[in-house]
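*Asks:* give the three-dimensional model of this entry:
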Amino acid sequence: MLPLRPLAVLFLACLAACAATPKLPTGESVGEPLVTMPAVKLSAVSADPEAFAERTVLVDATAEAVCLRAGCWMQIEESGVVAMVRWETGCGGLYEFPEAAVGRRVLIQGSVYPKQLTDEEFEHLTEEAAPGVKIERTGFELNASAVLIVDAGA
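*Replies:* Residues are numbered from 1 along each chain as shown. Predicted coordinates:
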């Protein structure tokens, strides 16, 4: 049995570790299970995309548009920054972004990559978008493995 002092130190260390672990809000999960980690705002990613490149991040934003044909992409926005999100499994893969996500807060788990759409890709995405949705040709995108569509008020 541990003496009282080391046991108290161990208890306080465990308590601090539990308090430091971020808690995810409630909502509808799509894709793989989310890994609990601190979320970053889309605007922070936009300010320095290379700092987030090719590593798993959890991005906090609002869903602005979803592919109307197959749910294979979603456009997100936060503080005037817009980015495309596509499933890492590809179009027609395992998961779909639900149209009900539009207008709601979303947490996207994925990797950040530079984006440069070809004319063919741009035309394809534009055909799948709702009227009035502007598709950006350049910038960065997220390749998602998981999405949490956050419940209102959560």
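*Asks:* where do the helices sit along this protein?
*Replies:* For the chain, helices defined by DSSP state H occupy the ranges 4-20, 42-47, 49-52, 119-128.
*Asks:* least reliable of those by average pLDDT, please.
*Replies:* Out of those, helix 4-20 stands lowest, with a mean of 43 (criterion: mean pLDDT).
*Asks:* grab the most central residue of this structure for me.
*Replies:* The centroid of the chain falls nearest to Ile108 when counting by C-alpha atoms, centre = their mean (1.3 Å).
*Asks:* for that one, give the beta-bridge partners.
*Replies:* Val59, Val147 (DSSP bridges).
*Asks:* which residues does it contact?
*Replies:* 58-59, 61, 76, 85, 142, 144, 146-147 (C-beta atoms under 8 Å, 6 or more residues apart in numbering). The way it works is simple: take the backbone N, C-alpha and C, and place the C-beta from them, glycine included.
*Asks:* format those as a markdown table; extra columns: neighbour count and distance to Lys134.
*Replies:* Shown next, in a markdown table, are these (neighbours: other C-beta atoms under 10 Å; distance: C-beta to C-beta, whole Å):
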| residue | neighbour count | distance to Lys134 |
| --- | --- | --- |
| Leu58 | 19 | 26 |
| Val59 | 25 | 20 |
| Ala61 | 26 | 16 |
| Ile76 | 24 | 13 |
| Val85 | 23 | 15 |
| Leu142 | 27 | 18 |
| Ala144 | 24 | 21 |
| Ala146 | 20 | 26 |
| Val147 | 29 | 22 |
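*Asks:* and of those residues, the nearest to Pro38?
*Replies:* Set against Pro38, the nearest of these by C-beta to C-beta is Leu58 (7.1 Å).
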